[in-house]
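**Q** fold the following for me, if possible:
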Amino acid sequence: MSGPEGGSGFDERVGLEERTVGDGRAEIAMLAGEGHLNPAGAVHGGAIATLVDVAMGKAVASTISDDELPVTIEMKVNFLEPGRPGLLVAAAEVRRRGRLFTVVQAEVSQDEDGETLAEAMGTFTSTG
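**A** Reported below is the predicted structural model:
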């Protein structure tokens, strides 16, 4: 399945799994393994940023029509703690839906202990 409601080839390649999506919220999980680690042995910041971007995009997608697609305009990620191999979960929520832009907030946590690894804010628009 592809598009805003389902996964994509990229999501599968990175190892992303949709947990819940709807009503301006999304929870996306990633099982971080050896291929997600940086040379220091922590989950690469790019992998966490990808997880955040997908979660925020799916949260936005749940607020727009089926013929529209969310587009990331900008995104800021604050990395708070290093991620470890295991399940990481990004929870995203639309904070403000405007006529042209939507602001979304997200948090990534290590599922094992609930430790917050990153917080993010993004601005999206939609095409279609």
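
**Q** shaky segments in this protein?
**A** 1-7 (pLDDT under 70).

**Q** can you map out the helices along it?
**A** In the chain, helices defined by DSSP state H lie at 9-14, 45-61, listed in chain order.

**Q** packing partners of the longest one?
**A** I take that to be helix 45-61. Applying 3 or more C-beta pairs under 8 Å, 6 or more residues apart in numbering; DSSP states H and E, one finds that helix 45-61 contacts helix 9-14, strand 16-22, strand 25-32, strand 69-79, strand 86-97, strand 102-110, strand 116-127. Bear in mind the C-beta positions are built from the backbone N, C-alpha and C, glycine included.

**Q** Glu119 against Leu80, yeah?
**A** Yes. At 6.7 Å, Glu119 and Leu80 qualify as touching, with contact defined as C-beta atoms under 8 Å.

**Q** just the helices of the chain: most buried one?
**A** With neighbours taken as mean count of other C-beta atoms under 10 Å, the helices of the chain reach their highest mean count in helix 45-61, at a mean of 24.

**Q** measure how it sits relative to strand 16-22, angle-wise.
**A** Using axes from the mean of the first three to the mean of the last three C-alpha atoms, to 10 degrees, one finds that helix 45-61 and strand 16-22 are set 30 degrees apart in direction.

**Q** give me the residues contacting helix 45-61.
**A** For helix 45-61, contacts defined as C-beta atoms under 8 Å, 6 or more residues apart in numbering pick out 4-5, 11, 14, 16, 18, 21, 24-28, 30, 32, 36, 38, 69-70, 72, 75, 77, 79, 83, 88, 90-94, 102, 104, 106, 108, 117-118, 120, 122, 124, 126.

**Q** ok and it relative to strand 116-127, angle-wise?
**A** 50 degrees.
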